[in-house]
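Undergrad: no FASTA, just this:
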C-alpha cells in the first residue's frame, strides 16, 4: 500500500482529489498501485506528519498561504528524500515551474483544472519511477557494502530511516542519557 499525501489550502480541492483517488484505480504499465490518501490543508501539518510517517508521494498545491508549494516540497525532501513530489497549480508561471523542478526536484507539474485520467496516470507513473529509483539505490548500496565503502551499520541505519523517518535522530544529554521530545 502506497501512502499519498495531498496538500492544498482549499478544502474543496482536497475533497475532490480524495474522491478521485478513492474511486479511480491507479494503474501504470499494467500494475495497479493500491494507495492510502492523507490530506492536509497546511504545509506545516503535512511536514509534521511526514516527520513521523513514511510517505511515498506528495501532491501539493503551488500557491498556499504562509508557505508555497516549492518551499514546502524542498522542506519535505529534507525529511523524506525518496518521496515522489508533484505540484498542482492553476498558475502557469514558467519561472515557478523551473524553480520547482530545480529546487524541489519535482517529478511533474500538473495544471488546475486537471484532467482526472492525466492526474491519476501521473501519480501511477511517479510511483513506478520512485520504485525504480529505490531499486537502483538498493543495488548501489549493496555494491558499496560489498566494496567496503559502506558498513552494515550504515546500511541498516539508512533502511530504518526510510521505514520510520526520524528514528535515527537521537538527542543525547550531557550525561549520556537520551532526551525525549515533549509530545
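TA: Alright, I've got the coordinates. Being a predicted model, the structure only gives us computed values, none of them experimental.
Undergrad: hmm, residue 116 is touching residue 24, no?
TA: Yes - the criterion here is Cβ atoms under 8 Å, and residue 116 meets it with residue 24 at 6.7 Å. Every C-beta, even on glycine, is put in place using the N, C-alpha and C of the backbone.
Undergrad: following element in sequence after the least confident helix or strand in the chain by mean pLDDT, please.
TA: Every helix and strand in the chain was compared by mean pLDDT, DSSP states H and E; the lowest is helix 94-103, with a mean of 71. Where DSSP states H and E defines the elements, the next helix or strand beyond helix 94-103 is strand 108-111.
Undergrad: what pairs with that next one, parallel or antiparallel?
TA: strand 84-89 (parallel) (DSSP bridges).
Undergrad: any idea how far the partner strand is from the chain center?
TA: 9 Å (Cα atoms, centre = their mean, to the nearest Å).
Undergrad: which phi and psi does residue 35 have?
TA: Note on residue 35: its backbone torsions stand at phi -130, psi 150 [degrees, to the nearest 10].
Undergrad: quick one: the helices in the chain?
TA: 11-23, 43-50, 69-79, 94-103, 116-146, 152-163 (DSSP state H).
Undergrad: for the longest one, name the packing helices and strands.
TA: Applying 3 or more Cβ pairs under 8 Å, 6 or more residues apart in numbering; DSSP states H and E, one finds that helix 116-146 makes contact with helix 11-23, strand 27-28, strand 57-61, strand 84-89, strand 108-111, helix 152-163.
Undergrad: kindly recompute the last result at 6 Å.
TA: With contacts defined as 3 or more Cβ pairs under 6 Å, 6 or more residues apart in numbering; DSSP states H and E, the packing partners of helix 116-146 are strand 27-28.
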